[in-house]
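>>> Predicted structure and sequence below. I'll ask about it afterward.
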Amino acid sequence: MSPEAPAQSVRPETPGLVRGLSLLDSILLVVSGVVGSAIFLVPKDVAAALPSPRLFLGVWVAGGVLSLMAALAFAELGAMFPEAGGQYVYLREAYGDLAAFLYGWLMFVAGNTGGIATIAVAFAVYLGKLVRPLEAGLAVLSLPGLGWKSGHLVPTAWSLTRGDLVAVVAIVLLTVINALGVRRGVVLQNVATWTKYAAVAAFVVFGFLVGKGSWSHFNSGSVPNALAGGLTPFMAAVGIAFIGVFWSYEGWVYVPWMAGEIRDPERNIPRSLVAGLVGVIVLYCTVNAAYLYAVPVSEIARQDAIAQAAAQALFSPAVAFWISGVIAISCFSATSSNILAGARICYAMARDGLFFRRMGRVHPRYRTPAFALVAQGALACVFALTGTYDQLFTYTVFGMVLSYLATIFGLFILRRTRPDLPRPYRCAGYPWMPALYLVLIAGWLANTTFERPREAWSCLVLLALGLPGYFYWRRRHAH
């Protein structure tokens, strides 16, 4: 298909998206979307939950395999419905408008926008460690106000910090670049992705070759010790560890979201999902092995900045200082990918008449959903400035995994209800592999609901808040 072919059927008077992303662009989108700040922060929580080297490394392998199992199912759906919005489209086709809308609503009001704010703030923090005048914690302005604590309003102070300003500038800059053309955004993302991948790979390779680590750290604990408290507490700990692991692997869905702008999507969506995720799994497992080579698992559990601690142990404080730059580049790249792909969901919702109409318009010159990008960026800036991003993104991890469960179950539904649809790619291992994924993820969701009820119920409340909007837009579209 020609790179200039319209991405999907649109009204004659309106321009459409352009299929401008190659296979390599799509693979790098997976890597860029997944590898952000989490791999430098989450290992602490995983090690605290599972203080055994084997379990610590094993949960990263298991999380990658589960993500790959989900991606194979998404690959079939993506090849069937190569439209902007990805998962929103799959849920619409399997269950109808309501399920699709609630997913899109959650992504817009919390998942995407909260995620953009989270990673942009992380970028500001690590840039501030590298460039001292931009140190994130330095206040620019402080104002009195009220805050919510333990169920009560209490006096508090709101501060505008340099980190807040850097995060907002990053969001605005990346939103503008992505609005000015998908090619500009993709080129920026590709350069940043190659840079961070090369830097992290160098850290791993040189860490094992010349680093001052110890192989004894891989034997500092055992699986039987982790099971000493009993099977039920152990399974609860595994479930808690997976919260961080799932967040770390989140981002591969950006390719299905961008399906309306990928060339030859029937072939390139499955290829990019598999190749990109395999690359991420290898990177994550080797990075965590390098952390473990540098310090014992008990030390990983105490380190908020494990990448710097590992670099200092393996090399020197000077290398640990420059690791902040690697993390900043990684966060910058991941923020750009989230901004680029996330706006395609609300764009697809608006095209179906289930969101603000302007969200569904493509800029006649730049051929991007410019208004959707701006609206998404504005809300992400609000979250970055108010500090609410952390809670929002934590709550929506539960919702994201729940949406994977619904989407992959939808694969079974569509196999039964629409067997004659062309399927350029069929899910490997069907039906056993996606069925196993459903069983495992259902168990994780049940465990999380029991162990972390606040996150689970907060997510369900966010979904319920979208119901009035759905009925409003549905009635308006009907007229």
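That came in fine, so what should we check first?
>>> Tell me, please, the helix or strand in this structure that averages the lowest pLDDT.
helix 223-226 (a mean of 54; mean pLDDT, DSSP states H and E).
>>> Starting from that one, tell me the next helix or strand along the chain.
Using DSSP states H and E, the helix or strand that follows helix 223-226 in sequence is helix 231-249.
>>> Distance from the helix or strand following that following helix to the middle of the chain?
Once helix 231-249 ends, the next helix or strand along the chain (criterion: DSSP H and E) is helix 254-257. The chain centroid and the centroid of helix 254-257 are separated by 11 Å under CA atoms, centre = their mean, to the nearest Å.
>>> what helix or strand is the closest residue to S330 other than its chain neighbours on?
Excluding its sequence neighbours, the residue lying closest to S330 (CB to CB, 6 or more residues apart in numbering) is K196, at 4.3 Å. Heads up, the C-betas are built off the backbone N, CA and C, glycines and all. In the assignment (DSSP H and E), K196 maps to helix 182-210.
>>> where does the stretch 201-350 of the chain dip in pLDDT?
Within the stretch 201-350 of the chain, the set of residues satisfying pLDDT under 70 comprises 220-232.
>>> so where do the strands sit in the protein?
For the chain, the strands defined by DSSP state E cover 139-149, 152-161.
>>> between those, which gets the lowest average pLDDT?
Ranked by mean pLDDT, those bottom out at strand 139-149, with a mean of 68.
>>> Any stretches of the stretch 351-479 of the chain with poor pLDDT?
For the stretch 351-479 of the chain (pLDDT under 70), the answer is 388-395, 479.
>>> now the helices for it?
370-386, 389-417, 432-451, 453-465, 467-478 (DSSP state H, counting those that start in this stretch).
>>> Now do the longest one against helix 453-465, angle only.
Helix 389-417 runs at 70 degrees relative to helix 453-465, counting by axes from the mean of the first three to the mean of the last three CA atoms, to 10 degrees.
>>> Rebuild the helices of the stretch 351-479 of the chain as a markdown table, extending it with mean neighbour count.
Output for the helices of the stretch 351-479 of the chain, formatted as a markdown table (neighbours: other CB atoms under 10 Å):
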| stretch | mean neighbour count |
| --- | --- |
| helix 370-386 | 22 |
| helix 389-417 | 20 |
| helix 432-451 | 16 |
| helix 453-465 | 16 |
| helix 467-478 | 13 |
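>>> between the ones you listed, which gets nearest to F81?
Judged by CB to CB, the one of the helices of the stretch 351-479 of the chain that comes nearest to F81 is helix 389-417, at 9.4 Å.
>>> packing partners for that closest one?
The contact analysis (3 or more CB pairs under 8 Å, 6 or more residues apart in numbering; DSSP states H and E) places helix 389-417 against helix 53-80, helix 87-95, helix 97-106, helix 112-130, helix 231-249, helix 370-386, helix 432-451, helix 453-465.
>>> For the closest residue to G244 other than its chain neighbours, grab the count of nearby residues.
Among residues not flanking G244 along the chain, V42 sits closest, at 3.9 Å (CB to CB, 6+ apart). Neighbours of V42 under the rule other CB atoms under 10 Å: 21.
>>> distance of V42 from P419?
Here the criterion is CB to CB, to the nearest Å. By it, V42 lies 41 Å from P419.
>>> right, and the residue nearest to G244 touches F242 too?
No. Here V42 does not reach F242: they are 10.7 Å apart, not a contact under CB atoms under 8 Å.
>>> circling back to that earlier point, now do the contacts for the residue nearest to S330.
V35, V326, I329, S330, S333 (CB atoms under 8 Å, 6 or more residues apart in numbering).
>>> Also P270?
L72, A75, E76, G78, A79, Y425.
>>> go again using 6 Å as the cut-off
A75, Y425 (CB atoms under 6 Å, 6 or more residues apart in numbering).
>>> how close does it get to V18?
For P270, the distance to V18 - CB to CB - is 21 Å.
>>> what about D420, neighbour count?
Counted with other CB under 10 Å, D420 comes out at 5.
>>> Please state the offset of stretch 76-96 from the chain centre?
That offset, for stretch 76-96, works out to 19 Å (CA atoms, centre = their mean).
>>> I'd like the average pLDDT over it.
95.
>>> which parts of that stretch are buried?
Neighbour-count burial for stretch 76-96, with 16 or more other CB atoms under 10 Å as criterion, is recorded at 76-95.
>>> likewise stretch 118-132?
Buried residues in stretch 118-132 (16+ other CB under 10 Å): 118-130.
>>> Please work out which residues outside it touch it.
For stretch 118-132, using CB under 6 Å, 6+ apart, the contacting residues are 36-37, 134-136, 163, 166-167, 170-171, 324-325, 327-328, 331-332, 334-335, 384, 389, 393.
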